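Visitor: Test case, fold it:
(chains A and B)
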Amino acid sequence: MKRLATFIPLLVFVAIGVIFAFGLSRDPSRIPSTLINRPLPEFSLPPIADAGVPGFASEDVIGDVSLVNVFGSWCVSCRIEHPFLLKLSRAGEVKIYGVDWKDKPGDGAAWLEELGNPYAAVGDDADGRVAIDLGTTGAPETYIIDRQGRVRYKQIGPITPEVWNKTLKPIVEHLKKSS
Amino acid sequence: MKRAASLALFCLALLAAAPARAVAPDEKLADPALEARAEALEHRLRCVVCQSESLAESDAFLAKDLRKLLRERIQAGDTDKEAVEYLVRRYGQYVLLLPRFEPATYVLWLLPGAAVLIGAAAAVFYIRRGRNAPAPAPLDDADEARLKQILDEHA
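Guide: Prediction:
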């Protein structure tokens, strides 16, 4: 019994060490979303002027498993992500909606003109209110929406082929099958 | 003497310096009472982009937008609690620089106190045990002689 007591400090130290190791390996910039398994907040976004792509409202997203992608022409990682979104959209893997976050007039249209349009619809979130309602902390961020219009996953940072294949695609396919 | 005076003056100047703020003059509310409430609140809220800064200190555009939003809520008649809750619904408790006391945060709040109590209890236990321990039996003559011999050797 006494011998056991000698080891208590060591056990406590190991337990605390394990907790700290977990804490340190987490990326603090990835704030968990409060929207998971809840419906998209209600919004209705106008189209980007002169882009030739319709705007959309939250209820338009109901019906199909789809992605809602928050981007901006000022965002560097969005430029990295864009070609892959085009590929996904052209392959018909999933329907993608865009939220053009805090772009100056003309910038969003020029972006789509230059890089191509992967989106079924793009809303112009010029004052950034919809992004705040979504709990966006930076661009790009992508939400997976199920058929009932509920948010099921939030991807922070660009969708790379690796992120898509390992994380997002399995969720999208599961949702397509189950609902 | 002159040096001490200038040092004192320097310290006074430091006291007079305003804390870092990023609120631009055009963001402020016209009503000073409402503006004071907004300013008090934004010191308690975290900038979700920069993380270790409060909303009041951050220059990130999202922090600017959130300050504006906070003022709109307050002007629309939200209480402080409602305005904060509005942001918590969107960004989670993460936006609170001071986490709430509720089941999910019990461990966070109570662990330091518990650790102090357990440590104090252990300390008291060991000190008492040390005091109450029976005194060692007196040395017999043979031991006494041996001890004397050792001490002499090393004297």
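
Visitor: Quick check: what element follows the least confident helix or strand in chain B by mean pLDDT along the chain?
Guide: Of the helices and strands making up chain B, the lowest-confidence element is helix B:2-16, at a mean of 75, by mean pLDDT, DSSP states H and E. As assigned by DSSP states H and E, the chain's next helix or strand after helix B:2-16 is helix B:32-43.

Visitor: the inter-axis angle of the following helix or strand past that following helix versus helix B:32-43?
Guide: Where DSSP H and E defines the elements, the next helix or strand beyond helix B:32-43 is helix B:61-75. With axes from the mean of the first three to the mean of the last three Cα atoms, to 10 degrees applied, the angle from helix B:61-75 to helix B:32-43 works out at 140 degrees.

Visitor: what's helix B:61-75 packed up against?
Guide: Counting contacts by 3 or more Cβ pairs under 8 Å, 6 or more residues apart in numbering or on different chains; DSSP states H and E, helix B:61-75 packs against helix A:129-133, helix B:32-43, helix B:80-91. For glycine as for every other residue, the C-beta is placed from the backbone atoms N, C-alpha and C.

Visitor: Residue numbers of chain A in contact with chain B?
Guide: A:28-29, A:31-34, A:102, A:127-129, A:132-135, A:137-138 (Cβ under 8 Å from any Cβ of the partner chain).

Visitor: Tell me where chain A has helices.
Guide: Taking DSSP state H, the helices of chain A run over residues A:2-6, A:8-25, A:76-90, A:107-115, A:129-133, A:161-163, A:169-178.

Visitor: Of those helices, give the one that comes closest to residue B:138.
Guide: helix A:2-6 (26.3 Å; Cβ to Cβ).

Visitor: centre of the chain versus that closest one, how much separation?
Guide: Here helix A:2-6 is found 51 Å from its chain centre; the criterion is Cα atoms, centre = their mean, to the nearest Å.

Visitor: Run through who's touching it.
Guide: Helix A:2-6 has contacts (Cβ atoms under 8 Å, 6 or more residues apart in numbering or on different chains) with no other residue.

Visitor: 10 Å instead, please
Guide: residue A:11 (Cβ atoms under 10 Å, 6 or more residues apart in numbering or on different chains).

Visitor: Keeping just the C-alphas, turn that helix into CSV.
Guide: Output of helix A:2-6 as CSV, limited to C-alpha atoms (Å, rounded to 0.1, in the frame of the first residue of the first chain):
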residue,chain,number,x,y,z
LYS,A,2,2.7,2.4,1.0
ARG,A,3,4.7,1.5,-2.1
LEU,A,4,1.7,2.2,-4.3
ALA,A,5,1.4,5.7,-2.7
THR,A,6,5.0,6.5,-3.8
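
Visitor: Excluding chain neighbours, give the residue nearest to the residue nearest in space to the middle of chain B in space.
Guide: Most central in chain B under Cα atoms, centre = their mean is residue B:98, positioned 9.0 Å from the mean C-alpha point. Counting by Cβ to Cβ, 6 or more residues apart in numbering or on different chains, residue B:44 is the residue found nearest to residue B:98 once chain neighbours are left out, at 6.3 Å.

Visitor: returning to what we had before: any idea which of the helices of chain A gets closest to residue B:141?
Guide: Comparing these by Cβ to Cβ, helix A:2-6 comes nearest, at 33.1 Å.

Visitor: Now do that closest one, average pLDDT.
Guide: For helix A:2-6, mean pLDDT is 77.

Visitor: Cheers, nothing more for now.
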